[in-house]
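Undergrad: Let's see this in three dimensions:
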Amino acid sequence: MVVILISGDESDVMLDSRALEGVARLGITSLALLRDDDMVALVAEGWAFDAANSLQAVEALVATTDRPARTLHSVGHMVLEGPGRQSRPGRTQRL
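TA: Model (predicted):
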């Protein structure tokens, strides 16, 4: 998973269509666009996506913007057990 944070305002974020085709070939199967009044976030993920070797391709999605952007990559992932599953008391996980 990769998250690109873009300083935002009320204008739209344009994604480069050629870059979209390229990241699909890298294994990205899902893109989510999130925003508030000050920031826009693009979340890219996919089961076959190797974020460590594909950051430049993902960053190219928003290369047409002249706004400052930051790229965050995943450093941990945790699957939570739902109700009805036996959990181990006292066991903690650090991310």
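Undergrad: how long is stretch 44-58 end to end?
TA: 8 Å (CA to CA, to the nearest Å).
Undergrad: Can you list the buried residues in that stretch?
TA: By neighbour count on 16 or more other CB atoms under 10 Å, the buried set for stretch 44-58 is A44, E45, G46, F49, A51, S54, A57, V58. For glycine as for every other residue, the C-beta is placed from the backbone atoms N, C-alpha and C.
Undergrad: all strands of the chain, in order?
TA: For the chain, the strands defined by DSSP state E cover 2-7, 30-35, 39-45, 69-73.
Undergrad: Buried residues of the longest one, list them for me.
TA: I take that to be strand 39-45. V40, A41, L42, A44, E45.
Undergrad: Out of the strands of the chain, flag the one nearest V13.
TA: strand 39-45 (5.1 Å; CB to CB).
Undergrad: Most widely separated two among the buried residues of stretch 44-58?
TA: E45 and A57 (13.8 Å).
Undergrad: Show me the helices in this structure, by range?
TA: Secondary structure of the chain (DSSP state H): helices located at 17-25, 55-59.
Undergrad: would you turn the ones you listed into JSON lines with distance to H77 and mean pLDDT?
TA: Listed next are the helices of the chain as JSON lines, based on distance: least, CB to CB, whole Å; pLDDT from 0 to 100:
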{"stretch": "helix 17-25", "distance to H77": "20", "mean pLDDT": "78"}
{"stretch": "helix 55-59", "distance to H77": "18", "mean pLDDT": "77"}
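Undergrad: any chance of these in TSV, with distance to G82 too?
TA: Formatted as TSV, these follow (distance: least, CB to CB, whole Å):
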stretch	distance to G82
helix 17-25	31
helix 55-59	31
